[in-house]
Structures are given as C-alpha cells and as structure tokens.
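could you work out the structure for the sequence below:
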Amino acid sequence: MRAESVRDLSLADRRAAAEEALAGGGGVAAEAIVREPADDTSPVDRWHVAPALRRIGAAAFDPLLRALLDAPTDEARERVGAAFMRLGEEALERYTATLSHPAPHVRRWAVRGIRHCDEPGPSALHALLPLLGDADPEVAGTARDTLLYRGPDLADGLVPSLRKIRREGPGRARARALSVLAGIGGEAALPAEDLAAVERLIRVKVPDERPVALWACWNHWIAVPGGDRAGIMETLGLTGPRPVTFALGNDIVDSDGHDAGDGGEAFARVFVTPELDGWTFVLGAWCDPCGAERSEDVLRLCTLLSARYGQAQAYYYGAQGDGSAWLVAERGTVLRRYCETGEGEDELLTLGEPLPFERARRAELGLNPEWDAAQESDEDEAQWRTAAFDLVPELAKALGVSPLDIGPDTRACGAGVLAMTPYGVAHGVPTGAYRI
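Reported below is the predicted structural model:
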C-alpha cells in the first residue's frame with residue numbers, strides 16, 4: 001500500500017480519491033492508515049483516517065487494537081482511539097469481546113465503539129453491565145454514560161438486570177446501576193427501597209440547606225412578589241408538588257431545558273422556590289416568555305398573576321450567549337415584552353413601551369433613550385441589540401430579585417418543590433439521574 005495514498009487523506013482535493021483507493025485494501029491498507037494517528041508528526045488528521053477505516057470495516061479492527069496498545073504517547077492513543085471507536089456495526093461483536101481486555105484504556109475505547117454503533121442491540125448493552133463495577137473509574141463511568149445514552153429504547157430488557165445489581169452487587173456497581181435505572185426508566189424503574197431512600201435523603205437535607213444561585217444553560221423563570229406558593233401554583237395550574245433541594249430542582253430544569261425544542265416532556269415540570277427575599281420563582285422551560293410554544297400562554301399567566309399579586313415577570317436568559325427576553329406585568333396589564341435572541345421574528349413579540357431600565361441603559365450607550373426605531377441607524381440598532389442580548393441578569397435584579405444572583409445570605413422562607421405542569425399531566429415527565 002503506497003504511503004502517498006495514505007498521506008493524501010490530509011489533502012482536501014485528493015482525500016476522496018485516496019479514501020476510495022484505500023477502502024478495498026483490507027487489513028494491509030488498515031495497517032498503513034493506522035500508522036498516521038499513532039505518529040505525533042503525521043499531517044493526517046484523526047478525523048480524516050476514520051472514514052477510510054470504517055469503509056475497510058472489521059479488517060481494520062486488529063490493526064487499530066495493536067496501535068492502541070503500542071501508541072507511544074497519551075495523545076497518540078487518543079487519536080488512534082478516535083478511529084478505533086468508529087468502525088460501526090460491522091465491528092460490534094469485536095467491540096463486545098474486547099470489553100474483557102486486560103488494558104483499561106482498550107476496554108474504555110471498546111465501550112465507546114459500542115456507543116457509536118447506530119444500533120448496538122440488547123446483547124451488547126447487557127455486556128456493558130459488569131463494567132459498571134470496573135476497577136478503572138474511567139471505564140466504569142464510560143459504561144454508565146453509554147447505557148444512559150443507548151439504554152432508554154431497551155429499558156424494559158435492562159431494568160431487571162440493573163435491579164439485580166442493586167440487590168446483589170457487586171458493591172462497586174450499585175451506585176452507577178442506580179443512575180442508569182433513573183436515567184433510562186425514571187422513578188418507575190427504581191426499586192421501592194431506593195425510591196424511599198431518595199425521598200428520605202431529600203427530607204433530611206431540605207431543612208438545613210441554604211439558597212444557591214439557580215443557573216442553567218437556558219434559564220426561564222416567572223417571578224412573583226410574596227410567598228403565597230399555593231396561590232401561585234393554583235393560578236398557574238400546577239399540581240403534585242414534591243419537596244426538592246435547590247440542587248435537585250436546578251438540575252432537573254437544566255436537564256429539561258436541553259430538550260425544550262421537543263415540547264411535551266420538556267415542559268412537564270417546574271421548580272417552585274421557597275420565598276426568597278420577598279419573591280417566589282417558578283423555573284423551567286414551561287415559563288419561556290419568548291418561545292413559539294409558550295409565549296402566549298406565559299403572557300396570559302403573567303397577566304393573571306399580576307392581577308392577583310400586583311406584579312409578575314417572566315424572563316429568558318441564554319447563559320451560553322443565546323440572548324435575553326423579558327415580560328413585565330402589573331395589576332392585570334402587560335407593561336412590556338421584549339426579546340433579543342437572534343431569532344428572525346423577535347420583533348413581532350414586542351409589546352408596550354421601553355422600561356425605565358431600558359431607557360437608562362440606552363442613555364449609557366449614547367443612544368436615544370426615546371428609541372424611535374424608524375429613525376435609528378443600523379449601527380445604533382446593532383449596538384442596542386448587542387447590549388440587550390445579555391441584559392436579563394441586570395434587569396431582573398433591578399426590578400426585584402434574580403434567581404441567578406441568590407446565595408447563602410438570601411433570606412429564605414420554606415422549602416422548594418417540584419410541580420407538574422398541565423403538559424406533565426398530559427405527557428408524563430422525562431427520565432433522568434440528577435444531583436440531590
């Protein structure tokens with residue numbers, strides 16, 4: 001196998017032809033290809049060798065396995081492993097057989113190979129169960145994560161085996177088995193004694209815990225003055241409250257927020273805080289004031305809340321640079337709704353006149369506080385949009401209390417609860433393993 005063909009994988013204009021030439025070369029071609037990721041000086045990127053090796057298929061398995069064992073550096077081992085785990089279903093049986101390899105790093109890459117198969121099937125996933133108790137923590141953690149990722153579709157077959165690990169051990173596997181049970185089957189999959197232990201732990205932790213800042217990748221919340229949690233929940237149509245710690249409530253809404261585009265289950269539950277410095281917060285994707293699925297209902301609900309409690313606010317803040325949105329209602333009237341999230345129809349949601357805080361910020365930027373959009377230059381508009389993109393943390397704090405800014409010194413009255421929304425009643429809740 002000519003070395004030029006392999007090195008051509010690094011050249012965009014020759015890569016396709018080189019891959020085609022190498023694909024039919026079987027084990028001989030694979031031996032030549034795997035020398036590249038194992039070589040720290042090679043110009044061939046790991047991602048460029050993987051497609052060629054995948055086309056060679058199972059014949060590439062042994063050369064890659066030898067390269068994993070012989071790699072001279074940790075960096076070379078990572079590059080070889082990245083190709084090793086991408087051989088696909090054709091190598092599934094070999095990955096499964098390699099789970100018992102004496103070298104921990106080989107076991108770990110074999111687990112990743114199973115994860116990257118499109119349909120690993122029940123036998124391969126069952127073969128991962130003993131690795132939940134692997135002596136190497138990285139192997140055990142990778143097995144757990146793979147089961148969490150691939151297991152939900154095969155939960156019915158995996159749950160009995162995971163429950164057996166919970167009952168009989170081995171001890172090192174029990175905690176990870178519990179995480180997988182919760183992740184793929186939810187509470188319904190947990191043995192009664194485990195569920196009781198979780199609830200007992202929450203009851204023990206809640207009375208003495210102090211508030212912590214409630215941050216997620218995508219933050220959505222409704223803020224209401226006072227501490228009438230029962231009345232707030234009644235107005236919002238929330239049911240089934242269950243005590244949770246701040247960590248658990250935040251972890252659940254953060255996890256659910258990652259699936260907000262899926263509707264239904266992502267809007268199934270919210271975290272309702274205790275009264276914090278005179279405000280109660282309802283957090284979760286269901287509270288989104290700007291998303292197409294929830295914006296009009298959140299507008300209606302905040303109007304109702306403000307009629308009952310004098311004020312109600314709803315916010316969205318994308319902590320990964322995904323923009324801001326705010327909704328402010330008083331005494332049954334919406335004073336303002338504004339969104340700056342980079343979406344093409346943000347302006348269609350705008351209601352009311354700019355808030356005093358908005359006007360003050362525009363003045364600080366040297367912009368016209370009166371904000372005549374028809375006369376604003378493109379440069380001024382771009383400057384305001386850039387500023388508004390990250391405005392919610394300051395705005396929420398200026399208008400009351402921000403859940404992004406609370407801490408141990410925040411005055412708290414009562415305990416937080418997780419509650420079901422009407423979506424949750426209709427569609428059920430997502431499965432997951434969360435921090436307590």
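
just checking, which helix or strand of this structure averages the lowest pLDDT?
Every helix and strand of the chain was ranked by mean pLDDT, DSSP states H and E. The lowest is helix 3-7, at a mean of 70.

mind listing the strands for the stretch 301-436 of the chain?
Under the criterion DSSP state E, counting those that start in this stretch, the stretch 301-436 of the chain carries strands at the ranges 311-318, 323-330, 333-340, 351-352, 412-413, 417-420.

repeat that for the stretch 1-150 of the chain.
Under DSSP E, counting those that start in this stretch, the stretch 1-150 of the chain gives no strands.

okay, now the unreliable bits of it?
1-4 (pLDDT under 70).

test my guess that Pro243 contacts Ile202.
Yes: counting by C-beta atoms under 8 Å, Pro243 does reach Ile202; the two are 5.8 Å apart. Just so you know, the C-beta spots here come from the backbone N, C-alpha and C atoms, and that holds for glycine as well.

closest one to Ala103 among the strands of the stretch 301-436 of the chain?
strand 311-318 (42.3 Å; C-beta to C-beta).

next one: that closest one to chain centre, how far?
For strand 311-318, the distance from its own C-alpha centre to the chain's C-alpha centre is 21 Å (C-alpha atoms, centre = their mean, to the nearest Å).

list the contacts for Arg337?
289, 299, 325-328, 349-352 (C-beta atoms under 8 Å, 6 or more residues apart in numbering).

7 Å instead?
289, 299, 327, 349-352 (C-beta atoms under 7 Å, 6 or more residues apart in numbering).

make CSV from those and add pLDDT, distance to Glu209 and neighbour count to it.
Converted to CSV, the contacts of Arg337 look like this (pLDDT from 0 to 100; distance: C-beta to C-beta, whole Å; neighbours: other C-beta atoms under 10 Å):
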residue, pLDDT, distance to Glu209, neighbour count
Pro289, 96, 29, 27
Leu299, 98, 34, 17
Leu327, 98, 30, 28
Leu349, 92, 37, 20
Thr350, 92, 40, 13
Leu351, 95, 38, 12
Gly352, 94, 38, 14
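
in JSON lines: these, plus distance to Gly133.
Formatted as JSON lines, the contacts of Arg337 follow (distance: C-beta to C-beta, whole Å):
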{"residue": "Pro289", "distance to Gly133": "46"}
{"residue": "Leu299", "distance to Gly133": "51"}
{"residue": "Leu327", "distance to Gly133": "50"}
{"residue": "Leu349", "distance to Gly133": "52"}
{"residue": "Thr350", "distance to Gly133": "56"}
{"residue": "Leu351", "distance to Gly133": "57"}
{"residue": "Gly352", "distance to Gly133": "59"}
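
which of those sits closest to Arg174?
Nearest to Arg174 among the contacts of Arg337, with distances taken as C-beta to C-beta, is Pro289, at 42.8 Å.

ok, the closest one touching Ala325?
Yes: the criterion here is C-beta atoms under 7 Å, and Pro289 meets it with Ala325 at 5.3 Å.

now the common contact residues for the two.
Common contact partners of Pro289 and Ala325 (C-beta under 7 Å, 6+ apart): 315-316.

and the pLDDT for Asp262?
pLDDT recorded at Asp262 is 53.

and Arg203, what is it in contact with?
Each residue near Arg203 by C-beta under 7 Å, 6+ apart is listed here: Pro243.

what sits up against stretch 80-95?
By C-beta under 7 Å, 6+ apart, stretch 80-95 touches 34, 37-38, 46, 49-50, 53-54, 57-58, 60-61, 64, 67-68, 71, 109-110, 112-114, 116-120, 124.

buried stuff in it?
Burial within stretch 80-95, assessed by neighbour count using 16 or more other C-beta atoms under 10 Å, is assigned to 80-89, 91-92, 94-95.

just put the residues you listed in CSV and tack on distance to Leu276.
Converted to CSV, these look like this (distance: C-beta to C-beta, whole Å):
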residue, distance to Leu276
Val80, 51
Gly81, 47
Ala82, 46
Ala83, 51
Phe84, 50
Met85, 46
Arg86, 48
Leu87, 52
Gly88, 51
Glu89, 51
Ala91, 53
Leu92, 51
Arg94, 55
Tyr95, 50
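
so which of these are in helices?
80-84, 92, 94-95 (DSSP state H).

what's the farthest-apart pair in these?
Using C-beta to C-beta, those span at most 19.1 Å, a distance reached by Val80 and Leu92.

show me what contacts the nearest residue to Leu131 once chain neighbours are set aside?
With C-beta to C-beta, 6 or more residues apart in numbering as the criterion, Leu131 has its nearest non-adjacent residue at 3.8 Å, and that residue is Ala143. Shown in contact with Ala143 (C-beta under 7 Å, 6+ apart): 111, 128, 131-132, 134.

for the strands of the stretch 301-436 of the chain, which one sits closest to Ser179?
strand 417-420 (18.6 Å).

could I have the CA atoms of that closest one written out in CSV?
What follows is strand 417-420, C-alpha atoms only, in CSV (Å, rounded to 0.1, in the frame of the first residue of the first chain):
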residue,chain,number,x,y,z
VAL,A,417,-41.0,21.9,45.4
LEU,A,418,-41.1,20.3,42.0
ALA,A,419,-44.5,20.6,40.5
MET,A,420,-46.3,19.1,37.4
